[in-house]
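1. Structure for this input, please:
(2 chains)
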2 protein chains.
Amino acid sequence: MKGEKIRGELVGGSVIVPRAGGEELDRKSFGRDCREGIKLTLVEAAYLLSRGKIEVMEDGERLGFEAFFERASAIDETFTERYIVYRDLRERGYHIQPSPTDFRIYPRGGEPGRVASRYLLHIISERERTPIKKLLKCIETGENLKKEVILAIVDEESDITFYKLKKSDPRGKEAGRMEDLKRRALPHGVNATLLRDRTIIWNREISEELHNQGFYGRLLERYLQLSLVETAYLLKNETITLYQEKSGRRRVRYAEFTELAERIEPDFRLKYLSYEDLRRRGLTPKTGFKFGAHFRTYREPAITMERTTHSEYLIHAVPSDHAFQLSDFSRAARLAHSVRKQMIYAVVKSDNTITYLEVIRKKM
Amino acid sequence: MKGEKIRGELVGGSVIVPRAGGEELDRKSFGRDCREGIKLTLVEAAYLLSRGKIEVMEDGERLGFEAFFERASAIDETFTERYIVYRDLRERGYHIQPSPTDFRIYPRGGEPGRVASRYLLHIISERERTPIKKLLKCIETGENLKKEVILAIVDEESDITFYKLKKSDPRGKEAGRMEDLKRRALPHGVNATLLRDRTIIWNREISEELHNQGFYGRLLERYLQLSLVETAYLLKNETITLYQEKSGRRRVRYAEFTELAERIEPDFRLKYLSYEDLRRRGLTPKTGFKFGAHFRTYREPAITMERTTHSEYLIHAVPSDHAFQLSDFSRAARLAHSVRKQMIYAVVKSDNTITYLEVIRKKM
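-> Residues are numbered from 1 along each chain as shown, chains lettered A, B, ... in the order given. Here you go, the predicted structure:
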């Protein structure tokens, strides 16, 4: 854009420029038509001001870039992060339409009005705790508008990391009918002993069968150790009958077991609901402890596969009222990426249904 | 060891075998001499029992492996994890002397009495929250005994991950005198504006100087943005004079700034003490947000280095009364390893001194 600078007025949290001379701005997808002319958001105005394309006045006084920046920060406490992201994406060639809640991003070279926007981008500052509900709402809006949802996290050094967010529907290769059949094929009423926080099945043949059939537990020598969630699952299905040595041998039923388990693992209930749902989906969940997640999952249930297949998903269960510490989010996505797995959050609602939320690092 | 099984008696939480016939056990470094014969710990007895080398009696009754295992779990609630680790290390060829608090590990092929033990190993179950104080105590004992301290974490699937723990003394290439000189070479009383959670220095020459001199902040266009810890540091050193736009321009002094910062970042005080100490050590700390840690540090302060050098340490500040969630520990170590950095915890004591604790994944 050559020629004279366009003069805009800072009023009511926006910068208004006259329509005459504003056609160039419009062509480059800055601002929106309004009664008084073209209305620029604060970030758009700051960007154009930094590039010497406009001048900004307020109550008869001219605001230089620095003064405008400080005014804008005072008007909108999210201004700085929004500007950092806006500027970054503009420099990459994207066209952007900012709204109070998000940015509509248009593919490089695509102009609003001519091409549909591709991304719906939300900006979050590192130190905010972000409620899951907010992220799910973003995704829902994205689905309705058929746009990819991007999260831009701005850290304390003004560095930006972009993430793609989407709902996920993780399934194993044998979801549904096969999984059901497999479950019915399991033994019934096998004796298992509860030792503090682990269950042992001593019977060698059954140990091998359970381990090979559905990759339950871990074979140590020739007996099987089950984790708490595996114990609960097999107990609920009546595959095992559970006993405890406590002044003699006594039976432990499902309800009592889950109470015991919750005392040992405070997030047991969450974990268990996820475990059950993942099994229902034909996935084989094992502990994700080494990766800082609840589960790693295999799409193939057969044990021989474990030696040749790497687990594909890292799944971490969170309650629907959870609020993310963004550094956790950032770290989880990075770790998953470094071990070539997908990071998925299993959001457990109060009615016990689960929504799966996938987080993928995105290079814009 | 060939020949007949040795018969041991389970009494008082140990298994006693007669000295006669026990020489083989001794040669293979099982058990310790005691008045009644050779005293085996529960894990040693379980191991020998599983290998058919001994029989175990209790009150006239013979206990098979399963029964012994269940009895041992009832006697010692840590038995299962200890056994899992003991067995794993024996299978790898190590000689081990278990004590109630730890395992002394002897190098492969080395026998206790002939060779000094190399490792002092502590076993922790995944679900325990481990107080830092305990880890520091382990390291102290290790230093006194000149042994490498190993942490063995057993997860819910009985998988073991080993970590080496040591005190660290992270230093930059220009620690001490040079760092002091550099600090004195910084400008004095530069104007800086506080905007919510970031500080801006508008002066272009000074921005460049601060950024190049000590890699402070981030240059955006030609102005400098400082994080909260950087602001505090430069404010305390009187490199900057801080102002805020609030019904006019007002000055913000150090004490008020730290209060503001603590409201924005709850762990600000911890972070700041670490930042200061790291600078004192000649390191250049920048945000470790992307890696889920407080800082990444460079040993070279010059900006040109950043383009050619990768940061070497990931440093996370914790209070001395912190208790680790072991999955955090596991995840932090793995992430650091995946990005070729060392994971260090800066433990901030109540007197504000800092002890650095390095965690390295170890393959035994």
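2. SS state for A:Pro232?
-> Not Pro; residue A:232 is Ala. helix (DSSP: H, G, I helix; E, B strand; the rest coil).
3. Identify the spatial nearest neighbour of it, chain neighbours not counted.
-> In space, and not counting its chain neighbours, A:Ala232 is closest to A:Tyr272: 5.4 Å by C-beta to C-beta, 6 or more residues apart in numbering or on different chains. C-beta: built from backbone N, CA, C; applies to glycine.
4. Check the one you found and give its pLDDT.
-> As predicted, A:Tyr272 sits at a pLDDT of 97.
5. So what's the gap between the helix or strand encompassing it and the chain middle?
-> Taking DSSP states H and E as the definition, A:Tyr272 sits inside helix A:268-280. Distance, stretch centre to chain centre, for helix A:268-280: 18 Å (C-alpha atoms, centre = their mean, to the nearest Å).
6. show me what contacts the residue nearest to A:Ala232?
-> A:229, A:232-233, A:258, A:261 (C-beta atoms under 8 Å, 6 or more residues apart in numbering or on different chains).
7. before we move on, what about A:Asp59?
-> By C-beta under 8 Å, 6+ apart, the contact list for A:Asp59 is empty.
8. roughly how far apart are it and chain B?
-> Separation of A:Asp59 from chain B (C-beta to the nearest C-beta, to the nearest Å): 15 Å.
9. Specify the local secondary structure of A:Gly172.
-> A:Gly172 ends up coil, using three-state DSSP.
10. That one touches A:Gly282, doesn't it?
-> Yes - using C-beta atoms under 8 Å, A:Gly172 is in contact with A:Gly282, at 3.0 Å.
11. Residues contacting stretch A:131-148, please?
-> With C-beta under 8 Å, 6+ apart, stretch A:131-148 has contacts from A:102, A:104, A:116-120, A:122, A:149, A:151, A:164-167, A:318, A:320-324, A:345, A:347, A:355, A:357.
12. Where strands are concerned, which of those count?
-> Using DSSP state E, A:104, A:119-120, A:122, A:149, A:151, A:164-167, A:318, A:323-324, A:345, A:347, A:355, A:357 are the members of these that sit in strands.
13. quick one: A:Asp155 and A:Val85 touch, right?
-> No - A:Asp155 is beyond contact range of A:Val85, at 11.8 Å (criterion: C-beta under 8 Å).
14. Compare these two (neighbour count), which wins?
-> Neighbour totals were compared for A:Asp155 and A:Val85, and A:Val85 leads with 26 against 22 (other C-beta atoms under 10 Å in any protein chain shown).
15. what's near enough to touch the more buried one?
-> A:103, A:121, A:123, A:152, A:154, A:160.
16. possible to save those as CSV with distance to A:Glu312, neighbour count and pLDDT?
-> Output for these, formatted as CSV (distance: C-beta to C-beta, whole Å; neighbours: other C-beta atoms under 10 Å in any protein chain shown; pLDDT from 0 to 100):
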residue, distance to A:Glu312, neighbour count, pLDDT
A:Phe103, 32, 24, 94
A:Leu121, 27, 26, 94
A:Ile123, 30, 21, 90
A:Ala152, 27, 26, 94
A:Val154, 31, 26, 90
A:Ile160, 28, 16, 92
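17. Kindly write the ChimeraX command that selects the buried subset of the ones in strands among the contacts of stretch A:131-148.
-> Filtering the ones in strands among the contacts of stretch A:131-148 down to the buried ones (16 or more other C-beta atoms under 10 Å in any protein chain shown) takes a single ChimeraX command:
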select /A:104,119,120,122,149,151,164,165,167,318,324,345,347,355,357
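18. Kindly list the main-chain dihedrals of A:Phe329?
-> According to degrees, to the nearest 10, the main-chain angles of A:Phe329 amount to phi -60, psi -50.
19. An error on my part: the question was meant for A:Pro18.
-> Taking degrees, to the nearest 10 as the convention, A:Pro18 sits at phi -70, psi 150.
20. now the residue nearest to it when sequence neighbours are not counted: how far from B:Ile200?
-> Distances taken as C-beta to C-beta, 6+ apart place A:Gly37 nearest to A:Pro18, at 4.7 Å, with adjacent residues excluded. From A:Gly37 over to B:Ile200 the distance is 30 Å, taken as C-beta to C-beta, to the nearest Å.
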